[in-house]
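Chemist: for reference, the sequence and a predicted model appear below.
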Amino acid sequence: MDRRQQIAALVREEMAGLPVEQADADRGHPLVLAPYGADEVIGALEALLSTRVTMGEKVRAFEAEWARYCGAAHGVMVNSGSSAVLLMLAALVETGRLRPGDEVLCPAVTWSTSLFPIAQAGLVPVMVDVNERTLCIDPDSAAAARTERTRAVLGVHLLGQPADLDAFADLLVLEDACGAHGAVYKGRRVGGIGAASAFSFFFSHHISTIEGGMVVTGDEELANALRSLRAHGWVRERSDRAAWTAACPQIDPRFLFVSPGYNLRPTEIAGAFGLVQARRLPAWLERRRANHADWCRQLGDLVTVFPEAAGTEHAGFAFPMLVEGDRASAMAALEARGIETRPISGSNLARQPAFERVPGARTPVPLPVADRVHEHGLFVGNHHAFGPGHGARLRETLAAWRGL
């Protein structure tokens, strides 16, 4: 056994039992459990020992694998899901698909960095209501908010539920799939449906690269813009770099900049994690979906739940619910039994203090469902290591809170 094999053996011994595959409901219901094990760590160590740790072949391999999984041609990995949304929108402006001042429809119930990058890219966020059955963007509310400047929609697949995208066929459809890995909409995996999509691989998501994200697209021109904007604006990762080099012979192609870019690059450590985690996803996703369906059945008479919509496959990122009465007391009751809670994303983002500081952002239509989510919504964790016992614990706790 050589030294690297010895190191790998030690890692496997140290990390025996990880990632957690089966959790005891009596020990609580956390938002996240240790999501990686020895294989991920060994992959990361291989990158570190090679000394090639900045974005390279492991990242490229993960990009290709994730794009194939989504049914798209190109994946461009970045350092977070928030960066993925920002990069996606900036690249659409860079390529002329969108122009500064164009309006982008966005659901009011989503994460903060679904909203903010719209304005950061010079576009106008138009907040609309969410559907009461799915908590995703409501087509009727969106239709009422449209103007002659409306050019795109950001379909947020909230907490794993695919948004209704067919309702926006005449707009540029963008997907925020940051919490919907592996979800399916009318026979197609989310992320490969719109012109481009954004994913997050944060520590608590379906699969994790610790921090990390990716933009997926089938458009090569857009992919090239994404690659430049991701890394300083240079041409190194572009498929058309030879043409750019020929057009600019007076500039050293190693430092040839063609876009006003950022630095959002991932590391080889993240790429190594992603390659292992992607292989784990199918089995984990199956368990998350089973939990979601089971908990909807167990809790539907106690709180408002959100079963999988027809024609979709829910990814079960987290389990949202609406409670009648004092939400704070419901959350306290759950937390007292080790069941961690959170509000549903940013709830109604139009009611957040930061909304007034988002340039151009507006709310032209009423947001009654988003308001209800803001006041009565919460979620608890879902996880591939959870099972029926976690649903039973949820039911017991919520029934006691309601005095039943």
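Modeler: Thanks, I have the structure now.
Chemist: what distance do you get for the closest residue to Thr110 other than its chain neighbours to Glu21?
Modeler: Excluding the flanking residues, the one nearest Thr110 by CB to CB, 6 or more residues apart in numbering is Val156, at 4.5 Å. Glycine gets a C-beta too; all of them are placed from N, C-alpha and C. Using CB to CB, to the nearest Å, Val156 is found at 30 Å from Glu21.
Chemist: looking at these two, which is more packed in?
Modeler: Val156 (29 against 14; other CB atoms under 10 Å).
Chemist: that one contacts Asp176, correct?
Modeler: Yes - Val156 is in contact with Asp176 according to CB atoms under 8 Å; the separation is 4.3 Å.
Chemist: shared neighbours of those two, anything?
Modeler: Thr110, Trp111, Ser114 (CB atoms under 8 Å, 6 or more residues apart in numbering).
Chemist: make a markdown table out of the residues you listed and add pLDDT, distance to Arg395 and neighbour count.
Modeler: Putting these into a markdown table (pLDDT from 0 to 100; distance: CB to CB, whole Å; neighbours: other CB atoms under 10 Å) gives the following:
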| residue | pLDDT | distance to Arg395 | neighbour count |
| --- | --- | --- | --- |
| Thr110 | 98 | 28 | 27 |
| Trp111 | 98 | 28 | 19 |
| Ser114 | 98 | 32 | 24 |
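Chemist: residues in contact with the residue nearest the centre of the chain?
Modeler: Centroid-nearest residue in the chain, with CA atoms, centre = their mean: Cys178, separated by 0.7 Å. By CB under 8 Å, 6+ apart, the contact set of Cys178 is Gly81, Ala84, Val85, Trp111, Ser114, Ala198, Phe199, Ser200, His205, Gly213.
Chemist: and the helix ranked longest in the chain, what does it pack onto?
Modeler: Counting residues, the longest helix found in the chain (DSSP state H) is helix 268-299. Counting by 3 or more CB pairs under 8 Å, 6 or more residues apart in numbering; DSSP states H and E, the packing neighbours recorded for helix 268-299 are helix 38-50, helix 57-70, strand 74-78, strand 318-322, helix 388-401.
Chemist: winner for burial among those?
Modeler: Among those, strand 74-78 has the highest mean neighbour count (mean count of other CB atoms under 10 Å), at a mean of 28.
Chemist: from the chain's centre, how far out does that one sit?
Modeler: Taking CA atoms, centre = their mean, to the nearest Å, the mean C-alpha location of strand 74-78 is offset from the chain mean by 14 Å.
Chemist: can you check stretch 234-254 too?
Modeler: 33 Å.
Chemist: how about the CA coordinates for that stretch, as PDB?
Modeler: C-alpha atoms of stretch 234-254 as PDB (Å, rounded to 0.1, in the frame of the first residue of the first chain):
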ATOM      1  CA  TRP A 234     -10.900  36.900 -20.400                       C
ATOM      2  CA  VAL A 235     -11.100  34.400 -23.300                       C
ATOM      3  CA  ARG A 236      -9.300  31.400 -21.800                       C
ATOM      4  CA  GLU A 237     -12.300  29.100 -21.400                       C
ATOM      5  CA  ARG A 238     -14.300  30.300 -24.400                       C
ATOM      6  CA  SER A 239     -14.900  27.900 -27.300                       C
ATOM      7  CA  ASP A 240     -14.400  30.800 -29.700                       C
ATOM      8  CA  ARG A 241     -11.100  32.000 -28.100                       C
ATOM      9  CA  ALA A 242      -9.100  31.300 -31.400                       C
ATOM     10  CA  ALA A 243     -11.300  33.800 -33.200                       C
ATOM     11  CA  TRP A 244     -10.900  36.400 -30.500                       C
ATOM     12  CA  THR A 245      -7.100  35.800 -30.600                       C
ATOM     13  CA  ALA A 246      -7.000  36.200 -34.300                       C
ATOM     14  CA  ALA A 247      -9.100  39.400 -34.200                       C
ATOM     15  CA  CYS A 248      -6.800  41.000 -31.500                       C
ATOM     16  CA  PRO A 249      -3.200  40.000 -32.600                       C
ATOM     17  CA  GLN A 250      -1.700  42.900 -30.700                       C
ATOM     18  CA  ILE A 251      -2.800  41.500 -27.300                       C
ATOM     19  CA  ASP A 252      -1.300  38.500 -25.600                       C
ATOM     20  CA  PRO A 253      -4.100  36.000 -25.600                       C
ATOM     21  CA  ARG A 254      -3.300  34.900 -22.100                       C
END
